[in-house]
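K.L.:
give me coordinates for this.
(one chain, ligands or ions: 1)
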Amino acid sequence: MLGYFGPAGTFTHQALLSVTDDEARPYPTVAAALDAVREGEVEAALVPIENSVEGGVSATLDNLANGERLMIVREVLLPVQFGLYVRPGTRLADVRRILTHPHAFAQTRDWVAANVPGAQVTEGGSTAAAAAEVADPSSSHDAAICAAVAGEMYGLEAAATGIADNEQAVTRFVLVARQGPPTVRTGADKTTLVAYMREDHPGSLQEILDQFVVRGVNLCRIESRPTKTTLGQYCFSIDAEGHLLDARMAEALLGLHRVCKKVVFLGSYARADRVKPRVPAGQKDEDYTEAQAWLETLRATGRDDA
Ligand SMILES: O=C(O)C(=O)Cc1ccccc1
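P.N.:
Next up, the predicted model:
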C-alpha cells in the first residue's frame, strides 16, 4: 500500500494516479505521510518536493533532512492548473474569504489581486482539504483554490478556471520509501542529498560545490535551509545529475564526506524527464577505472609507464 499527501483530489493524488492504479491511503500532512512510511503503515509515500514557481517545498525538504532517514526511490512531474471553486450559487463578486495551500496561493497571487481584490486568503492543509471545507455550508470560507478534480469531487462549482499566474508551472513529487539498497541505475538519474558544513568559514559553500565541479557533476537544485540549531547556521539541500553507482558521483560523495560535518544521502533514482547528463571527457566510469589501475601499478612497481 502507498500513502500520499491528501485528501483525495490533491495535486499529489493526481501525480500518484498518473503512475499507478494501486490502492493508496491519504494523509493530511507531508509529515504524517512520511511518518506512515517510517512506521511501516505504508510501503512508500508520494509527497511534493519542488515546483517551478516557488522552488523547494520546505515541509518535505526539512522532514527528509532532519527526520529518521528515508530514501527517495522515484520522481513524478505534474503540470498544475488552478481554479477558484465555490459552493453552487456563489458568484465571483461575492467571494470574500479564500482557502488554499501555500504553494497554490503563491502561484495564483497576481490573479487573486487583480480579480478578487480585497479577498482574504488563508493558507491551510492542502488544496483538496480546502475544497472539502468550502463545501461545508457552515464554512467561513467562500472559495477554494484547487484543481478541477478537487472542485468536482467535493461538489463545488468553478467561479474561474485557468487562474495560474504562470501557465507552464510544473510540480515535482517524490516517492519516498524506507532505506534500502540503491535503485537501479538507468543512465538518466538524479541524486538528492543534504550537506552540512564542518564549520562556518569563507569558501565553505565553494568547497562543497568544488566536489561536484571537478568530477563534472551538474547540479539541478541547490538551496540553503536552516539547520534549526542557531540563527545563521545553514545546510545545503542538493539535487545532482547522476547515480550513486556512477564513478564520478561516488567520488563527489567521497569528497563531500571528507570536507563536510555530515552528508545525508536521500537517494538516487530515475529522472522523470529521462534527460541524460552530458558527461565531460575524463569523467566516465571507465576513466576512473583506468586511472585507479594506473595508480595501483605505480604503487606496486614505482613505474608510471608499465
Ligand atoms: O495541496 C495540494 O493539492 C498538493 O498536493 C500540494 C501542492 C499545492 C500546489 C501545487 C502543487 C502541489
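K.L.:
make it CA atoms for all contacts and neighbour counts henceforth
P.N.:
Fine.
K.L.:
enumerate the residues of the stretch 151-300 of the chain near the ligand.
P.N.:
T171 (CA under 6 Å from any ligand atom).
K.L.:
any idea what whichever residue of the stretch 151-300 of the chain sits closest to the ligand is bridged to?
P.N.:
Closest contact between the stretch 151-300 of the chain and the ligand, by CA to the nearest ligand atom, is at T171 (5.5 Å). T171 forms beta bridges with N51, L78, as assigned by DSSP bridges.
K.L.:
hmm, it is touching N51, no?
P.N.:
Yes: applying CA atoms under 8 Å, one finds T171 in contact with N51, separated by 4.2 Å.
K.L.:
what ranges in this structure fall below the confidence cut-off?
P.N.:
For the chain, applying pLDDT under 70 flags the ranges 306.
K.L.:
okay, helices next: where are they in it?
P.N.:
Assigned by DSSP state H, the chain shows helices spanning 11-17, 30-38, 58-66, 102-106, 109-115, 127-135, 148-153, 204-213, 247-259, 285-301.
K.L.:
and those helices, which is most packed in?
P.N.:
Among these, the stretch with the highest mean neighbour count (mean count of other CA atoms under 10 Å) is helix 127-135, at a mean of 26.
K.L.:
which residues sit against that helix?
P.N.:
Identification of contacts with helix 127-135 by CA atoms under 8 Å, 6 or more residues apart in numbering yields 6-11, 85-87, 99-101, 104, 124, 139-147, 150-151, 154-156.
K.L.:
ok, and the closest non-adjacent residue to V30?
P.N.:
F5 (5.6 Å; CA to CA, 6 or more residues apart in numbering).
K.L.:
hey, what's that neighbour bridged with?
P.N.:
Y27.
K.L.:
count the neighbours of the closest residue in space to E50 that isn't next to it in sequence for me.
P.N.:
Of all residues not flanking E50 in the chain, G56 sits nearest, at 4.2 Å (CA to CA, 6+ apart). The number of residues packed around G56, counting by other CA atoms under 10 Å, is 20.
K.L.:
got a list of what G56 touches?
P.N.:
Taking CA under 8 Å, 6+ apart as the test, what G56 contacts is 49-50, 223.
K.L.:
ditto for D304
P.N.:
D304 touches 294, 297-298, counting by CA under 8 Å, 6+ apart.
K.L.:
quick one: contacts for the most centrally placed residue in the chain?
P.N.:
When CA atoms, centre = their mean is applied to the chain, the residue found nearest the centroid is I49 (1.8 Å). When contacts are counted by CA under 8 Å, 6+ apart, I49 touches 56-58, 60-61, 171-174.
K.L.:
now swap in G267 and tell me
P.N.:
Taking CA under 8 Å, 6+ apart, one finds 71-73, 182, 191-193 in contact with G267.
K.L.:
could I have the ChimeraX command that selects the buried members from these?
P.N.:
Selection of the buried residues among those in ChimeraX, burial being defined by 16 or more other CA atoms under 10 Å:
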select :71,72,73,191,192,193
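K.L.:
among the contacts of G267, name the ones in strands.
P.N.:
Of these, the ones assigned to strands by DSSP state E are 71-73, 191-193.
K.L.:
quick check: F11 vs the ligand, distance?
P.N.:
To the ligand, F11 is 4 Å away according to CA to the nearest ligand atom, to the nearest Å.
K.L.:
my guess is that residue contacts V80, does it?
P.N.:
Yes: with contact defined as CA under 8 Å, F11 counts as touching V80 (7.4 Å).
K.L.:
fine by me, we can end here.
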